[in-house]
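Chemist: okay, predicted coordinates and the sequence, questions at the end:
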Amino acid sequence: MILKISKRLKQLRQDNGYSQDELAGKILVTRQAISKWERGDALPDTENLIALADVYGISIDELLGHTPTAKKEAQDGEDDVTSPSVSFNFEYTDGKEETGSSTDTTNSKSGARNITIRIFYDLPYPILATVIFLLAGFIWGAWDWSWIIFVTIPLYYSIVECIKTKQLSPFNYPVFVTCVYLFIGMRFGLWHPGWIVYVTIPLFDPIAAALDKKR
């Protein structure tokens with residue numbers, strides 16, 4: 001089943017003329033994730049399935065190569081031959097309507113979250129950082145330390161990735177520590193013992209991995 005889905009995902013990408021890098025950029029994942037899906041080493045989660053379906057302009061059933069309508073018609077035909085039941089069909093229809101309503105609600109929430117992530121991802125943060133730097137320099141004369149804002153650029157995009165994946169591991173902790181060290185050093189002159197913050201870097205990865213696994 002996994003291999004069938006992986007082949008389907010690869011075929012759809014190729015049919016739409018996307019490279020793995022291009023598709024990864026559209027749904028805000030890494031190229032390695034696309035490669036894993038197409039090899040069958042992993043499967044996309046619900047949010048990524050919705051994003052893929054949006055990119056290709058198809059339903060999730062079509063994305064996965066599933067045809068529930070044909071299956072339902074075949075099943076209904078068997079019911080008519082063996083033991084037709086009006087009450088059974090009525091109950092089945094009600095259940096399907098409730099499931100559809102729940103799915104619509106989930107899709108709506110996931111779609112809104114993806115739009116929010118896309119807004120933050122598309123935000124020209126480097127330009128915003130430049131504006132902040134110039135304002136801090138011209139208004140407060142903070143040319144000597146406000147350049148630290150440029151160091152936060154990779155930190156910003158790592159935070160966006162954390163929000164998207166709901167994981168802590170993508171957070172660029174070494175850059176964060178560097179920002180803290182530079183700020184307290186240049187602003188307050190605490191170069192020593194401020195360097196101690198770097199000691200915490202080796203602790204971040206195992207702690208983040210443990211928290212992500214627990215979640």
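Modeler: Here it is on my side, so go on.
Chemist: wait, residue 198 touches residue 177, no?
Modeler: Yes - taking C-beta atoms under 8 Å as the definition, residue 198 is a contact partner of residue 177 at 5.9 Å. For the C-beta atoms, the positions are set from N, CA and C on the backbone; glycine is no exception.
Chemist: which one's more surrounded, those two?
Modeler: Taking other C-beta atoms under 10 Å, residue 198 and residue 177 do not tie; residue 177 has more neighbours (17 against 13).
Chemist: list the contacts of that one.
Modeler: By C-beta atoms under 8 Å, 6 or more residues apart in numbering, the contact list for residue 177 reads 197, 198, 200, 201.
Chemist: between these, which is closest to residue 66?
Modeler: Nearest to residue 66 among these is residue 201, at 45.6 Å by C-beta to C-beta.
Chemist: return the list of helices and strands in contact with whichever strand or helix holds the closest one.
Modeler: Assigned by DSSP states H and E, residue 201 belongs to helix 201-214. Contact here means 3 or more C-beta pairs under 8 Å, 6 or more residues apart in numbering; DSSP states H and E; on that basis helix 201-214 packs against helix 173-188.
Chemist: what's the spacing between the helix it packs on and its chain's center?
Modeler: In terms of C-alpha atoms, centre = their mean, to the nearest Å, the gap separating the centre of helix 173-188 from the centre of its chain is 28 Å.
Chemist: and it with helix 201-214, angle?
Modeler: For helix 173-188 and helix 201-214, the angle between their directions (axes from the mean of the first three to the mean of the last three C-alpha atoms, to 10 degrees) works out to 130 degrees.
Chemist: now name the helix or strand holding residue 58.
Modeler: For residue 58, there is no host helix or strand (DSSP H and E).
Chemist: picking up where we left off before, out of the contacts of residue 177, which are buried?
Modeler: Taking 16 or more other C-beta atoms under 10 Å as the criterion, nothing in the contacts of residue 177 is buried.
Chemist: now the residue nearest the centre of the chain: how far from residue 120?
Modeler: In the chain, the centroid-proximal residue (C-alpha atoms, centre = their mean) is residue 164; its distance is 3.4 Å. When distances are taken as C-beta to C-beta, to the nearest Å, residue 164 and residue 120 turn out to be 9 Å apart.
Chemist: overlap in contacts, these two.
Modeler: Both residue 164 and residue 120 lack any common contacting residue under the criterion C-beta under 8 Å, 6+ apart.
Chemist: this structure: strands as residue ranges?
Modeler: Per DSSP state E, the chain carries no strands over any range.
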